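[1] Fold the following.
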Amino acid sequence: MNAFRLKTHSILERYGNFCDGAIISCECVFRSNLRTSAKIVFPAKNKENQQWKKIAITMDEVEEMYMKVRSDLLNTILLSVRILEYDDLICIDVDGNYSSTGGPVTLTEVREDGDYYLIGKRVSAEELRGE
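    Purely as a prediction, here's the structure:
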């Protein structure tokens with residue numbers, strides 16, 4: 001596991017996988033070199049000191065993105081945000097409710113049952129300063 005993924009998993013763990021948080025924003029950047037990136041910002045509570053911060057997870061080289069949202073509902077996170085790895089692809093799964101408690105076993109399961117996910121090549125997470 002590379003350093004970016006290790007840091008991302010560490011942040012998810014420290015902030016309880018963003019359970020009881022929400023999605024503040026999702027920004028997609030389409031570049032001329034066809035390398036799309038996406039950034040999702042979440043408020044999250046640190047499990048150690050109980051302080052809330054905004055956390056950004058960025059996916060680079062996005063290959064697929066699916067977001068089923070309703071305008072009349074706050075995009076709350078009831079279950080968790082997961083970083084899943086499948087061969088050379090990484091999946092950010094937001095609040096997926098799958099039959100297996102360990103999460104989806106394949107990308108096919110993510111595509112069939114996921115409501116909010118990104119699939120790409122690189123992922124990183126950061127605590128936003130001054131937030």
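
[2] Grab the most central residue of the protein for me.
    The geometric centre of the chain, computed from its C-alpha atoms, lies nearest to residue 92 (CA atoms, centre = their mean), at 4.0 Å.

[3] what's the closest non-adjacent residue to residue 78?
    Nearest non-adjacent residue to residue 78, counting by CB to CB, 6 or more residues apart in numbering: residue 95, 5.9 Å away. C-beta coordinates here come from the backbone N, C-alpha and C atoms, glycine included.

[4] burial count for that neighbour?
    The number of residues packed near residue 95 is 21, by other CB atoms under 10 Å.

[5] For it, give me its contacts.
    77, 78, 79, 80, 81, 115, 116 (CB atoms under 8 Å, 6 or more residues apart in numbering).

[6] Residue 117 now?
    Residue 117 makes contact with 64, 65, 66, 91, 92, 93, 94, 96, 110, according to CB under 8 Å, 6+ apart.

[7] if I look at the fourth one, how far off is residue 47?
    Just to be clear, that refers to residue 91. According to CB to CB, to the nearest Å, residue 91 and residue 47 sit 24 Å apart.
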